[in-house]
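Q: got a sequence here, can you model it:
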Amino acid sequence: MRDRYHRVRVARVIRETAEAHSLVLSVPPELSDTFRYLPGQYLTVRVPHAAGSVARCYSLCSSPFDGGPPAVTVKRTRGGHVSNWICDRVEAGTELEVMPPAGAFTPRSLHADLLLFAGGSGITPVMSILRAALSEGDGRVVLVYANRDAASVIFAAALADLAARYPDRLRVHHWYDVEAGPPTADVLRELVEPYAGYETFVCGPEPYMAVVEKALATLAVPPGRIHIERFDAGPAEPADSAAATVEVTMDGRTHRYPWPAGTRLLDVLVERGLSAPFSCRQGTCASCACRITAGEVDLLHNEVLEDEDFADGYILACQAIAKTAEVSVTYD
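A: Residues are numbered from 1 along each chain as shown. Purely as a prediction, here's the structure:
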């Protein structure tokens, strides 16, 4: 899977807030087709780590239709190796290892009326969608953007500019926790009730998304009209999963662990303290890919591995559950 990463130079770093940086990328002409993207998609970035390397997904904040270069936004998180490495070390001229765009958090039509919910850095893919819809579509766009305070607002100037340029099509509702407390489902329901028929996109911290989902449920918004971006997949336990023992080779060492039925391989390895690479946990980025050398697994979800990858033995640790009593995998 290493050949899925490409070296891409950072052309410019924009400090959006004290904690968030946008990286404007200079994609080589020979990779222009590889890095074509849809509004709302993300890139997977791999950086050095004591255990070798580690990767994380960062959403594109740019629009693919304005002729500008792609850009991703990275918000520093406490204890986050990748985000801190990027915010501390990346500057114009830095080369990053980047996978091609991925993800399905994108509108079916840019002409639809859109209701967008963003919390904190969840604005990043929402901003890409908003920019594309305003420039390429003719629908109305409503954004509800929650932050700790005004200083935490990413893209504040850009949002103000877009609101001034599209006064009849864009409405931006800022919510500041320091002034009004965290938003509640009842307040959000009242705020967005006039837009309940709009196509809805939600991205942000889990507590914020839970409140938004509750508000939308009380408005009886059909689930098919609600699109949620999560970089964390919950547990699953299919009835036909098997308890097993896994033998994993990593960094030249081999380990054996019990593998409980219904548990994803990545969860087993992380719980045991191994520095197994991962990013989205949704089966969409391949950062967690490893090779199976014995036994069989089932993948709960896969949007990235292709037939040739399976032929080479690759699986996704974040989606793999044991199918046989003995399974061996390698990251080397």
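Q: any idea how far stretch 94-111 is from the chain center?
A: 9 Å (Cα atoms, centre = their mean, to the nearest Å).
Q: start to end distance for it?
A: Stretch 94-111 has an end-to-end distance of 37 Å (criterion: Cα to Cα, to the nearest Å).
Q: what are the buried residues along that stretch?
A: Residues of stretch 94-111 classed as buried by neighbour count (16 or more other Cβ atoms under 10 Å): 96-103, 105-107, 110. Using the backbone N, CA and C atoms, a C-beta is placed for each residue, glycine as well.
Q: now for the residues you listed, which pair is the farthest apart?
A: Using Cβ to Cβ, the two most remote members of the buried residues of stretch 94-111 are 97 and 110, lying 31.0 Å apart.
Q: where in the chain is pLDDT low?
A: Low-confidence segments of the chain (pLDDT under 70): 1-3, 50-53, 231-242.
Q: check contacts around the residue nearest to residue 156 when sequence neighbours are not counted.
A: Nearest residue to residue 156, sequence neighbours excluded (Cβ to Cβ, 6 or more residues apart in numbering): residue 150, at 7.4 Å. Residue 150 makes contact with 156, 174, 176, according to Cβ atoms under 8 Å, 6 or more residues apart in numbering.
Q: I'd like those as CSV, with distance to residue 135, secondary structure and neighbour count appended.
A: Below are the contacts of residue 150 laid out as CSV (distance: Cβ to Cβ, whole Å; DSSP: H, G, I helix; E, B strand; the rest coil; neighbours: other Cβ atoms under 10 Å):
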residue, distance to residue 135, secondary structure, neighbour count
156, 20, helix, 18
174, 22, strand, 14
176, 28, strand, 16
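Q: re earlier: what about the buried residues of stretch 94-111, which are in strands?
A: 96-98 (DSSP state E).
Q: how close does residue 274 get to residue 176?
A: 41 Å (Cβ to Cβ, to the nearest Å).
Q: so what pairs up with residue 15 in the strands?
A: Here residue 15 sits in beta bridges with residue 21, going by DSSP bridges.
Q: then residue 246 would be within a strand, right?
A: Yes: residue state for residue 246 (DSSP: H, G, I helix; E, B strand; the rest coil) corresponds to a strand.
Q: and it, how far from residue 330?
A: Residue 246 is 11 Å from residue 330, by Cβ to Cβ.
Q: neighbour count winner among the two?
A: Neighbours were counted for residue 246 and for residue 330 using other Cβ atoms under 10 Å; residue 246 has more, 23 against 15.
Q: need the contact list for the more buried one.
A: Per Cβ under 8 Å, 6+ apart, neighbours of residue 246: 256-259, 265, 268, 322, 327-329.
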